[in-house]
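Colleague: Task: produce atomic coordinates for the following.
(chains A and B)
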Amino acid sequence: MSTPKSLFDKVWDSHVVRKIEDGPDVLFIDRHFIHEVTSPVAFLGLETRGINVLFPERTFATADHNTPTINQHLPVADPLSANQLKALETNTAKYGISHWGLGHAKNGIVHVVGPENGITQPGMTIVCGDSHTSTHGAFGAIAFGIGTSEVEMVLSSQCIMQPKPKKMRVTINGKLGAAVMPKDVTLYIISQLSAAGATGYFVEYAGEVFRNMSMEGRMTVCNMSIEMGARGGMIAPDETTFAYLKGRELAPKGEAWDKAVAYWKTLPTEEGATFDIEYTFDAADIEPQITYGTNPGLGTGISQNIPLANQVKDGEASYKKSLGYMGFTENEQIVGKPIDYVFLGSCTNGRIEDFRAFASIVKGRKKAANVTAWLVPGSHIVESQIKEEGILDILNDAGFELRQPGCSACLAMNDDKIPAGKYAVSTSNRNFEGRQGPGARTLLASPLVAAAAAVTGKVTDPRDLI
Amino acid sequence: MAYDKFTVLTSTAVPMPIENVDTDQIIPARFLKATKREGFGDNLFRDWRYNGDDTPKQDFVLNNPIYSGKILVGGRNFGSGSSREHAAWAIYDYGFRCVVSSFFADIFKGNSINIGLLPVQVSPEFLDKIFKAIEADPKAELEVSLPEQTITILATGEKESFAINGYKKHNMMNGFDDIDYLQAMKSEIKTFAEESLY
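Modeller: Numbering: from 1, shown residues only, chains lettered A, B, ... in the order given. Alright, predicted model coming up:
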């Protein structure tokens, strides 16, 4: 009998072109996503060296990080942003790379458009110059973020050079409680492991909770893997995965589909496969979550008070600096804190299910007068679904407007910046100092918690509104 | 992109005893709009270094003239968050050639090695000794030897070894990068691609 293998080992090992002694593996990359911010210097590098793109058909470009979320039909006002968008257009045209630029019907956030168009598939290796590339692991792919030097490597050789990470498995069994979303599951895991708790590891999520999760939910969980330091996260492909993929534009068709599914079914981790470290949690312990500090590990159940310094893994000085920035103190209640902004969107929570959840709370209610809300779909396809399903009407009736797709206030590269000192309940992925604008204070949460805050003007337990 | 070869670096160091220094602090997203790799050092730690009106924040270590050098010493989990290589570029462009911490985020560590910025991971105890040595004398020098894989506090002679794989060490000592290596194995990659399922 051969040694039982994990999903991660099967996918990684089948992509190793060469193993270097006392060095990294040369790993073949099936799909490469690029965007306007981390690719220009890589293309410049190709030109400087006088080398070409090896497999242009394996790279897909979309503009998202730096794009406006209103009036996308007008020229981009910021000349630097416009220049980056132009560079992406020029570079992709020059090398024959697919480009879904601003205004294209398929445009949207890279980690939303890849899966929804069937580019992302089980068993693949996928990279992008963006740490949230871990999102694609939801399909049972090895997907992770890379730097610009590596973008240049993939363009020129379709390979990167990395040592094989260690393996972690996080298992959660049981049933999730009312108003507990995939975002709460991931924020809970990160709060238990800390913002550095999975550094050096690739994570597999296993157990009943993930098996019962939709693809959108699995993407939210895998997306946040990087927020506990993991290289990536993945979930074994199953019938939910195949049902999501079938018929999508770039997914295999006909006989190729049957052949692919037969292969994908061989991928899940085998009984008895070992991991370098394992964690097990109980679904019943997870309530809606919210963060109160300046790294994603500083989160807690919404009904809890802000922990004391000796209750967290961060050092005392760093913890106090964090609470000082947020304007919070130890042992304070979070529920009831007034907030100023709500952001629904990003590669973490910008998919149709997130908008359905948000709408379920705001339906029949009104946006609080003190709240500015930015609702940003992850792609044009999501935007169309919002309209077709009547969600837009619900949002409009409650006093909300829908913006156009992009990364928006998640990283505030465009004009969607939270002002200094203001509090934002955000469905995005990072609560770092200044992440959503210089001086902005971010509380990460699920779309339900964001909706509850949007209609009450303060941090509110969504279980009180459902 | 070519970078300085790294062998032995002897320098004073800039202490930053803060945990979880994420790449958004190292270089905020609004400074990522360039299409060339130039001038990122000007915005290194922008929001910790400058007030909203661009005047320097006097209490930030990079604005304190008693600290200088080519080595940046940071707290645990340095370089977490966004994969932006711009963070490593900004540190390099500012003039640092080595970052020391007890723990690095994976992507930052990889990006740094790829551009010639040496990440040196030491034990929490040794990191503490370095901070204490700099506190005692801001001009205290550290010696980082890549051939020996050691870091030494010269004032006390205390020394610790650090890990780096042989391939990357060879690259950094000679100023090579992975693209040179991969270009040389293109035919092997093409053969591999022909068997690809996707």
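Colleague: after the longest helix seen in chain A comes which helix or strand?
Modeller: Assignment by DSSP state H gives helix A:79-95 as the longest helix of chain A. As assigned by DSSP states H and E, the chain's next helix or strand after helix A:79-95 is strand A:98-100.
Colleague: Show me what that next one is packed against.
Modeller: Under the contact criterion of 3 or more Cβ pairs under 8 Å, 6 or more residues apart in numbering or on different chains; DSSP states H and E, strand A:98-100 touches strand A:59-62, helix A:79-95. Placement of C-beta: from N, CA and C, glycine included.
Colleague: Give me whichever of those is most buried.
Modeller: Stretch with highest mean neighbour count among the helices and strands packed on strand A:98-100: strand A:59-62 (a mean of 25; mean count of other Cβ atoms under 10 Å in any protein chain shown).
Colleague: how about the CA coordinates for that one, as PDB?
Modeller: C-alpha atoms of strand A:59-62 as PDB (Å, rounded to 0.1, in the frame of the first residue of the first chain):
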ATOM      1  CA  THR A  59      -2.500  34.300 -18.300                       C
ATOM      2  CA  PHE A  60      -5.700  36.300 -17.700                       C
ATOM      3  CA  ALA A  61      -5.900  40.000 -17.000                       C
ATOM      4  CA  THR A  62      -8.500  42.100 -15.400                       C
END
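Colleague: Give me the residues contacting that strand.
Modeller: Applying Cβ atoms under 8 Å, 6 or more residues apart in numbering or on different chains, the external contacts of strand A:59-62 come out as A:31-35, A:39, A:53, A:88, A:92, A:97-101, A:106-110, A:113-114, A:119, A:154-155.
Colleague: What's the local residue count around residue A:233?
Modeller: For residue A:233, the neighbour count with other Cβ atoms under 10 Å in any protein chain shown is 31.
Colleague: wait, residue A:359
Modeller: 24.
Colleague: Against chain B, how distant is it?
Modeller: From residue A:359 across to chain B, the span is 29 Å (Cβ to the nearest Cβ, to the nearest Å).
Colleague: And residue A:22, which helix or strand is it part of?
Modeller: Taking DSSP H and E as the definition, one finds residue A:22 inside no helix or strand.
Colleague: Quick one: neighbours of the residue nearest to it when sequence neighbours are not counted, just the number.
Modeller: Distance criterion Cβ to Cβ, 6 or more residues apart in numbering or on different chains; nearest residue to residue A:22, sequence neighbours excluded, is residue B:166 at 3.6 Å. The number of residues packed around residue B:166, counting by other Cβ under 10 Å, is 11.
Colleague: Confirm for me that residue B:166 is in contact with residue A:23.
Modeller: Yes: assessed by Cβ atoms under 8 Å, residue B:166 is found in contact with residue A:23 at 6.1 Å.
Colleague: Just the closest residue of chain B to chain A, please.
Modeller: The nearest approach of chain B to chain A comes at residue B:167, 2.8 Å away (Cβ to the nearest Cβ).
Colleague: so that residue sits right up against residue A:24, yeah?
Modeller: Yes: using Cβ under 8 Å, residue B:167 makes contact with residue A:24 at a distance of 6.5 Å.
Colleague: any shared contact partners between the two?
Modeller: By Cβ under 8 Å, 6+ apart, the residues touching both residue B:167 and residue A:24 are residue A:161.
Colleague: how deep is residue 106 tucked in, by neighbour count?
Modeller: Because you didn't say which chain, this covers chain A. Here the number of neighbours of residue A:106 (other Cβ under 10 Å) works out to 17.
Colleague: nope, chain B please
Modeller: Counted with other Cβ under 10 Å, residues neighbouring residue B:106 total 26.
Colleague: show me what contacts it?
Modeller: By Cβ under 8 Å, 6+ apart, the contact list for residue B:106 reads A:165, A:199, A:200, A:229, A:231.
Colleague: Roughly how far does it sit from residue B:9?
Modeller: 23 Å (Cβ to Cβ, to the nearest Å).
Colleague: And the helices in the stretch 151-300 of chain A, which stretches?
Modeller: Along the stretch 151-300 of chain A, counting by DSSP state H, counting those that start in this stretch, helices occupy A:182-193, A:208-211, A:215-223, A:239-245, A:254-264.
Colleague: now do chain B
Modeller: Under DSSP H, chain B gives helices at B:23-26, B:46-49, B:86-94, B:106-115, B:124-136, B:166-174, B:178-183, B:186-194.
Colleague: Select, out of those, the one closest to residue A:248.
Modeller: Closest to residue A:248 of those is helix B:186-194 (Cβ to Cβ; 23.5 Å).
Colleague: now for that closest one, which elements pack on it?
Modeller: Using 3+ Cβ pairs under 8 Å, 6+ apart: helix B:186-194 touches strand A:16-19, strand A:25-28.
Colleague: now, of those, which is deepest in the fold?
Modeller: The most buried one of those (mean count of other Cβ under 10 Å) is strand A:25-28, showing a mean of 22.
Colleague: quick one: contacts of that one?
Modeller: So strand A:25-28 is contacted by A:12, A:15-20, A:125, A:158-164, B:182, B:185, B:189, B:192-193, B:196 (Cβ under 8 Å, 6+ apart).
Colleague: so how far is the very next helix or strand once past that strand from its chain's centroid?
Modeller: Toward the C-terminus, strand A:25-28 is succeeded by strand A:31-34 as the next helix or strand (DSSP H and E). Between the centre of strand A:31-34 and the centre of its chain there are 15 Å (Cα atoms, centre = their mean, to the nearest Å).
Colleague: what does the average pLDDT come to for strand A:31-34?
Modeller: Mean pLDDT, computed over strand A:31-34, is 98.
Colleague: Same question for stretch A:222-240.
Modeller: Mean predicted lDDT for stretch A:222-240 stands at 98.
Colleague: May I see the buried residues of that stretch?
Modeller: A:222-238, A:240 (16 or more other Cβ atoms under 10 Å in any protein chain shown).
Colleague: cool, and stretch A:102-121?
Modeller: Residues A:102, A:106-121 are the ones in stretch A:102-121 that count as buried (16+ other Cβ under 10 Å).
Colleague: same check, this time on stretch A:295-309
Modeller: A:295, A:296, A:297, A:298, A:299, A:300, A:301, A:302, A:306, A:307.
Colleague: thinking the second one is in contact with residue A:426, fair?
Modeller: No: judged on Cβ under 8 Å, residue A:296 makes no contact with residue A:426 at a distance of 11.2 Å.
Colleague: hey, what's in contact with both of the two?
Modeller: Applying Cβ under 8 Å, 6+ apart, one finds that residue A:296 and residue A:426 are jointly contacted by residue A:444.
Colleague: Give me the nearest residue to residue 13, chain neighbours excluded.
Modeller: Going with chain A. Using Cβ to Cβ, 6+ apart, the closest residue to residue A:13 is residue A:5 (7.9 Å).
Colleague: should've been chain B
Modeller: Nearest residue to residue B:13, sequence neighbours excluded (Cβ to Cβ, 6+ apart): residue B:71, at 3.9 Å.
Colleague: Scan chain B for its longest strand.
Modeller: Scanning chain B for the longest strand, with DSSP state E as the assignment, gives strand B:8-16.
Colleague: got the CA positions of that one in PDB?
Modeller: C-alpha atoms of strand B:8-16 as PDB (Å, rounded to 0.1, in the frame of the first residue of the first chain):
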ATOM      1  CA  VAL B   8      29.200  40.300   4.600                       C
ATOM      2  CA  LEU B   9      27.300  43.400   5.900                       C
ATOM      3  CA  THR B  10      28.600  45.400   8.900                       C
ATOM      4  CA  SER B  11      26.300  48.200   9.800                       C
ATOM      5  CA  THR B  12      24.400  50.100  12.500                       C
ATOM      6  CA  ALA B  13      20.700  49.200  12.600                       C
ATOM      7  CA  VAL B  14      17.400  50.900  12.900                       C
ATOM      8  CA  PRO B  15      15.200  49.300  15.600                       C
ATOM      9  CA  MET B  16      11.400  48.900  15.100                       C
END
